[in-house]
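> How does the following fold in three dimensions:
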Amino acid sequence: MGSFWLSLLLVLHILVGCAVIGFVLLQHGKGADMGAAFGSGASGSLFGATGSANFLSRSTAVLATIFFITSLALSYFASGFDWRGPSDLMESVAPTQAPVTIEASAPAASQEIPK
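From the prediction side, this is the model:
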């Protein structure tokens, strides 16, 4: 994969990650419904009473899915894994040198400790 496309994918990944953070921060928590019960709700807003919550949650889900896909794509291209087959994989892991053997020396004769 070319350097341009990898850079473009990385920039897209960072932008989507920032957008996910922003959309999560814009959403109302569970306790925000109590304030809406006393008249401070946004029933006259652009999306309606619950439309903004649905829009934000759906947008967050779409952005999270895109973030997940770009994460997988970046990890795939960063690993440099070659799909040619297991024989090539085993050749790349096989040792190129003979294993080194270490001989253990015989323990020293035990000496009695005076009492």
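> what ranges do the helices span in this structure?
3-26, 32-35, 51-79, 86-93 (DSSP state H).
> Output the ones you listed as JSON lines; include the columns mean pLDDT, mean neighbour count and distance to residue 102.
From N, CA and C alone the C-beta is placed, and that goes for glycine too. As requested, these are exported to JSON lines (pLDDT from 0 to 100; neighbours: other C-beta atoms under 10 Å; distance: least, C-beta to C-beta, whole Å):
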{"stretch": "helix 3-26", "mean pLDDT": "92", "mean neighbour count": "13", "distance to residue 102": "44"}
{"stretch": "helix 32-35", "mean pLDDT": "57", "mean neighbour count": "11", "distance to residue 102": "67"}
{"stretch": "helix 51-79", "mean pLDDT": "88", "mean neighbour count": "14", "distance to residue 102": "34"}
{"stretch": "helix 86-93", "mean pLDDT": "57", "mean neighbour count": "9", "distance to residue 102": "23"}
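> can you redo those helices as JSON lines with distance to residue 103?
JSON lines is the format used below for the helices of the chain (distance: least, C-beta to C-beta, whole Å):
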{"stretch": "helix 3-26", "distance to residue 103": "50"}
{"stretch": "helix 32-35", "distance to residue 103": "72"}
{"stretch": "helix 51-79", "distance to residue 103": "39"}
{"stretch": "helix 86-93", "distance to residue 103": "27"}
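> Of those helices, give the one that comes closest to residue 105.
helix 86-93 (32.6 Å; C-beta to C-beta).
> which non-adjacent residue is nearest residue 13?
Leaving aside its chain neighbours, residue 13 sits nearest to residue 70 (4.1 Å; criterion: C-beta to C-beta, 6 or more residues apart in numbering).
> give me every residue that touches that neighbour.
9, 12-13, 16 (C-beta atoms under 8 Å, 6 or more residues apart in numbering).
> In JSON lines: these, plus distance to residue 63.
Listed next are those as JSON lines, based on distance: C-beta to C-beta, whole Å:
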{"residue": "9", "distance to residue 63": "15"}
{"residue": "12", "distance to residue 63": "11"}
{"residue": "13", "distance to residue 63": "11"}
{"residue": "16", "distance to residue 63": "6"}
